[in-house]
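Engineer: curious how this folds, go ahead:
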Amino acid sequence: MMPRDALQDLCDRVLHHGRAAVFPHLMIPIAYIPTFNGRDRLRQALESIRNQSRRCEVVVVDNASDDGTAEMVRAEFPDCGLFELDRNRGFGQALNEAIAATGSGPVMVLNNDVVLQPDFVEQMMAVFERGAPVVCGVLVRSADPGLIDSAGVVADRRTLMAFDYLEGRPVAQVAAAGPPLGATGGAALYDRDAFNSVGGFDPEIFAYYEDLDLALRLRSAGYAPELAPLARATHLRSSTLGDRSAAKYALTGWSRGYLLRRYRVLGTAGGLARTLVAEIVVCSGQLVIDRTANGIRGRVRGWKAAKGLSARSLPSTGLTDFSFRAALKPRIRRYL
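Structural biologist: Residues are numbered from 1 along each chain as shown. Okay, the predicted model is just below:
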């Protein structure tokens, strides 16, 4: 039997630090995977989670897929939770509903087109258990696993243009890298209380840049992220809509216009001039090279959707001052 003093000390530690802090092995993260008509990609992701070195529960958040996704999960992965929606609610809102309705403890968010290395969950949890409220995983390119696809999100302080952290750089460079502004929505781990305290993902944003918005609000609330350099997964970029499709441009444009207005980016002379020039360059590329004005129309709709909504403040830490050339270079490189 445990001595009374030792038992009292244990109870005190649980009371002041929480059960998970005293018994870290009891923390079982839940991986939430939103999906829409991505059955085969999802199967690969679930197989990689099944083979993890540390236990992880899974909730598949199905946005009313009609390709047999739900049937596949039930038949091949009976241990996985399945949260079925009656219509496609996009990325953030679907996750909000699933996270609120299921489970407790650390919240892991994964794309349906990632394949985790066997120790991905173990590496993410190792950083989380050291006290990080947000942990950023590392996605590598499926076509070239030696290169980073995204190690989080970063953004320019004046224009709020967002970029994948360390995109295109050798994986070896992640070891010496500092933390980004926030986690990419494709490979993130959040303290549930921190996630809930800022309201989770913005339900107005259907898809794209919802991770940037969440990162900004978490930073403003004092929840700084940490990078898990050894938590790696391969990623098939934009596998749902296509990397440069008109449908994707419509959604990214909407989110861009919406965030510009919510964060009052155009409120200063410098921000106004730089942002307008950047938007003209980006939208012109879409119009001339990809022959679509969906990005322009999306920005207008997003801007209108933010009318009358309360302003959000940019965090005092985490944002970067990119030169105008550095801000546009990744966009131009994708066009070419």
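
Engineer: got any ranges where the stretch 1-150 of the chain has weak pLDDT?
Structural biologist: 1-26 (pLDDT under 70).

Engineer: distance from stretch 54-72 to the middle of the chain?
Structural biologist: Relative to its chain's centre, stretch 54-72 lies at 18 Å (CA atoms, centre = their mean, to the nearest Å).

Engineer: buried sites along it?
Structural biologist: Residues of stretch 54-72 classed as buried by neighbour count (16 or more other CB atoms under 10 Å): 54, 56-63, 65, 69-70, 72. Every C-beta, even on glycine, is put in place using the N, C-alpha and C of the backbone.

Engineer: just put the residues you listed in JSON lines and tack on secondary structure and distance to Gly146.
Structural biologist: Shown next, in JSON lines, are the buried residues of stretch 54-72 (DSSP: H, G, I helix; E, B strand; the rest coil; distance: CB to CB, whole Å):
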{"residue": "Arg54", "secondary structure": "coil", "distance to Gly146": "25"}
{"residue": "Cys56", "secondary structure": "coil", "distance to Gly146": "26"}
{"residue": "Glu57", "secondary structure": "strand", "distance to Gly146": "31"}
{"residue": "Val58", "secondary structure": "strand", "distance to Gly146": "28"}
{"residue": "Val59", "secondary structure": "strand", "distance to Gly146": "32"}
{"residue": "Val60", "secondary structure": "strand", "distance to Gly146": "30"}
{"residue": "Val61", "secondary structure": "strand", "distance to Gly146": "31"}
{"residue": "Asp62", "secondary structure": "strand", "distance to Gly146": "33"}
{"residue": "Asn63", "secondary structure": "coil", "distance to Gly146": "33"}
{"residue": "Ser65", "secondary structure": "coil", "distance to Gly146": "33"}
{"residue": "Thr69", "secondary structure": "helix", "distance to Gly146": "31"}
{"residue": "Ala70", "secondary structure": "helix", "distance to Gly146": "36"}
{"residue": "Met72", "secondary structure": "helix", "distance to Gly146": "32"}
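
Engineer: where along the stretch 101-250 of the chain do the strands fall?
Structural biologist: For the stretch 101-250 of the chain, the strands defined by DSSP state E, counting those that start in this stretch occupy 107-110, 114-116, 134-141, 148-150, 153-155, 162-164, 187-190, 225-235.

Engineer: and the angle from the longest one to strand 134-141?
Structural biologist: It refers to strand 225-235. 30 degrees (axes from the mean of the first three to the mean of the last three CA atoms, to 10 degrees).

Engineer: Gly257 belongs to a strand, doesn't it?
Structural biologist: No - the assignment for Gly257 is helix, going by DSSP: H, G, I helix; E, B strand; the rest coil, so no strand is present there.

Engineer: quick one: contacts for the nearest residue to it once chain neighbours are set aside?
Structural biologist: Distances taken as CB to CB, 6 or more residues apart in numbering put Gly302 closest to Gly257, at 3.0 Å, once the chain neighbours are dropped. Applying CB atoms under 8 Å, 6 or more residues apart in numbering to Gly302 gives the contacts Gly253, Trp254, Ser255, Arg256, Gly257, Tyr258, Leu259, Leu260, Arg261.

Engineer: and the residues you listed, which is closest to Gln117?
Structural biologist: Each of these was checked against Gln117 using CB to CB; the closest is Ser255, at 29.8 Å.

Engineer: how close does the closest one get to Asp164?
Structural biologist: 15 Å (CB to CB, to the nearest Å).

Engineer: who has more neighbours out of the two?
Structural biologist: Ser255 (25 against 20; other CB atoms under 10 Å).

Engineer: where along the protein do the helices fall?
Structural biologist: 4-17, 19-22, 39-50, 69-76, 92-101, 120-128, 192-197, 210-220, 246-262, 269-288, 294-305, 324-335 (DSSP state H).

Engineer: related to what we said a few turns ago, just the buried residues of the contacts of Gly302.
Structural biologist: If we count by 16+ other CB under 10 Å, the contacts of Gly302 have these buried: Gly253, Trp254, Ser255, Arg256, Gly257, Tyr258, Leu259, Leu260, Arg261.

Engineer: as CSV, these with distance to Ala100 and pLDDT would be great.
Structural biologist: What follows is the buried ones among the contacts of Gly302, written out as CSV (distance: CB to CB, whole Å; pLDDT from 0 to 100):
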residue, distance to Ala100, pLDDT
Gly253, 29, 97
Trp254, 24, 98
Ser255, 22, 98
Arg256, 27, 98
Gly257, 28, 98
Tyr258, 23, 98
Leu259, 23, 98
Leu260, 29, 97
Arg261, 27, 97
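
Engineer: right, and out of the residues you listed, which lies closest to Ile99?
Structural biologist: Using CB to CB, the buried ones among the contacts of Gly302 come closest to Ile99 at Ser255, 20.3 Å.

Engineer: how about the contacts made by that closest one?
Structural biologist: Listed by CB under 8 Å, 6+ apart, the contact set of Ser255 reads Ile205, Phe206, Ala207, Tyr208, Tyr209, Glu210, Gly298, Gly302.

Engineer: and the pLDDT for the residue nearest to it when sequence neighbours are not counted?
Structural biologist: Nearest residue to Ser255, sequence neighbours excluded (CB to CB, 6+ apart): Tyr209, at 3.9 Å. We have a pLDDT of 97 for Tyr209.
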